[in-house]
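> Return a 3D structure for these sequence lines:
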Amino acid sequence: MRISIVTDSTAYLPEGFAKRHSITVVPLHVAVDGAGRLDGVDFGPFELAGALAEHRRVTTSRPTPGEMAAVYRDVLSSSDAIVSVHLSRELSGTWEAARLAAEEIDPSRIRVVDSRSTGMGLGFAVLRACAAVADGRSHAAVEEAATSAAAQTRMFFCLETLDHLRRGGRIGTAAALVGTALAVKPLLHMDDGRIVPLEKVRTMSRAVGRLVDLAAAAAGDGPVGLAVHHLAAPERAAELATRLDERLPGSTGCVISEVGAVIGAHTGPGVLGVVVLPGGPDILPHTPDNSASSSPE
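Got it, this is the predicted structure:
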């Protein structure tokens, strides 16, 4: 059986990884002052940071069920089955669009997974699914590999500013943080598919230290997959990645990638995030080894 992996643009996979592993990435829609763009296609982190700096209105929306169905038909023209892994249904309607499209086409051939996360919280689930495909595992086992990785992954964020969060959006933290002193840096985490407040610290340097501590506590012993996300903060992200690798000897290598509009429009520039997958992703993000589509006997 030839199984293919589909995901969406919020996975923020390492550059070149999707092409190398034959992963189909479906872009979410972005509107900038009402003008349509496609996340990761003609509107990336650089464009997002510029739009936010100019105080332009940036909103995002899901792919339509029709768009998802078109993707699935195209993929199934050369594959027997699909595992489609997407960002949390609490953050977007993308999972629902995928589910509706799968039901329309053939739910026995398309399994849709809610990662209950985003960024590399989603990306690590995709990597585990890729490894399962490369190992020649069954359709159900590939789905389980993605679901299991999603359940194990932990994700933590800290914000440089509350300005963008106060404007509202999909991240359900605004009410809890309204009135917080501007100098305070909130720490957030993924909790059952939602991004919610965890704690507050006084400075960004302390926030970075807490991210390292939280990641270490979540990692446990043994191998661990790590990713650092940021928006317009490459030097700080590199420093955080170095500290994580030094603190966690089991690190399989820390991925660094910028967030797109689905998260970044609501957090603003300067956001830092850490994603932790105990046990590691099975396929290393940096290594061009196996394809995400295979034809096992």
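> contacts, neighbours, all on C-alpha from now
Fine.
> Helix, strand, or coil at Pro186?
State at Pro186, reduced to three classes by DSSP: H, G, I helix; E, B strand; the rest coil: strand.
> Use 170 as the first number from now on
All set: I'll call the first residue 170, so the last point we hit is now Pro355.
> in this protein, which helix or strand is least confident?
For the chain, counting by mean pLDDT, DSSP states H and E, helix 343-346 ranks last in confidence among helices and strands (a mean of 54).
> which one is the spatially most central residue of the chain nearest to, not counting chain neighbours?
Central residue of the chain (Cα atoms, centre = their mean): Gly288, 1.5 Å from the mean position. The spatially closest residue to Gly288, leaving aside those adjacent along the chain, is Ala180, at 4.4 Å (Cα to Cα, 6 or more residues apart in numbering).
> separation between the one you found and Arg412?
23 Å (Cα to Cα, to the nearest Å).
> So those two - more neighbours on which side?
Higher neighbour count among Ala180 and Arg412: Ala180, with 24 against 14, using other Cα atoms under 10 Å.
> my read: the more buried one touches Met289, true?
Yes. Counting by Cα atoms under 8 Å, Ala180 touches Met289, with 5.5 Å between them.
> Got the domain ranges for the chain?
For the chain, automatic domain parsing gives the domain ranges 172-320, 323-447.
> Distance from the longest one to the middle of the chain?
A distance of 9 Å separates the C-alpha centroid of domain 172-320 from that of its chain, computed with Cα atoms, centre = their mean, to the nearest Å.
> Between the two ends of it, how far is it?
One end of domain 172-320 to the other measures 22 Å (Cα to Cα).
> Okay, now the unreliable bits of the stretch 320-466 of the chain?
Across the stretch 320-466 of the chain, the ranges flagged by pLDDT under 70 are 335-352, 453-466.
> try it again with 50
347-348, 456-466 (pLDDT under 50).
> which residues of it fall in strands?
323-327, 354-360, 363-370, 393-399, 420-427, 441-447 (DSSP state E, counting those that start in this stretch).
> How about the stretch 170-319 of the chain?
172-177, 193-195, 198-201, 204-207, 227-230, 250-255, 279-283.
> In JSON lines: those strands, plus mean neighbour count and distance to Arg363.
Rendered in JSON lines, the data for the strands of the stretch 170-319 of the chain read as follows (neighbours: other Cα atoms under 10 Å; distance: least, Cα to Cα, whole Å):
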{"stretch": "strand 172-177", "mean neighbour count": "28", "distance to Arg363": "18"}
{"stretch": "strand 193-195", "mean neighbour count": "21", "distance to Arg363": "21"}
{"stretch": "strand 198-201", "mean neighbour count": "20", "distance to Arg363": "20"}
{"stretch": "strand 204-207", "mean neighbour count": "15", "distance to Arg363": "24"}
{"stretch": "strand 227-230", "mean neighbour count": "18", "distance to Arg363": "17"}
{"stretch": "strand 250-255", "mean neighbour count": "27", "distance to Arg363": "14"}
{"stretch": "strand 279-283", "mean neighbour count": "23", "distance to Arg363": "12"}
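> List just the one of those strands that sits closest to Gly185.
Closest of these to Gly185 is strand 193-195, at 11.8 Å (criterion: Cα to Cα).
> ok, that closest one: who's next to it in the sheet?
Counting by DSSP bridges, the strands paired with strand 193-195 are strand 172-177 (parallel).
> What are the contacting residues of the strand it pairs with?
191-197, 244, 248-256, 295, 298-299, 302, 308, 461-464 (Cα atoms under 8 Å, 6 or more residues apart in numbering).
> rerun that using 7 Å as the cut-off
Residues external to strand 172-177 that are found in contact with it (Cα atoms under 7 Å, 6 or more residues apart in numbering): 192-196, 248-255, 302, 308, 461-463.
> same check, this time on stretch 304-324
172, 252, 280, 282, 284-285, 290-291, 293-295, 297-298, 301-302, 358-359, 387, 443-447, 465.
> gap between the two ends of stretch 272-283?
Span of stretch 272-283 from end to end, Cα to Cα: 15 Å.
> actually stretch 358-377, not the one I typed
End-to-end distance of stretch 358-377 (Cα to Cα): 14 Å.
> just how off-centre is that stretch within its chain?
For stretch 358-377, the distance from its own C-alpha centre to the chain's C-alpha centre is 17 Å (Cα atoms, centre = their mean).
> Mind listing what's buried along that stretch?
Using 16 or more other Cα atoms under 10 Å as the test for burial, stretch 358-377 gives 358-359, 362-366, 369-370, 373, 376-377.
> contacting residues around Val397?
The contact partners of Val397, taken as Cα under 7 Å, 6+ apart, are 406, 410, 423-426, 442-444.
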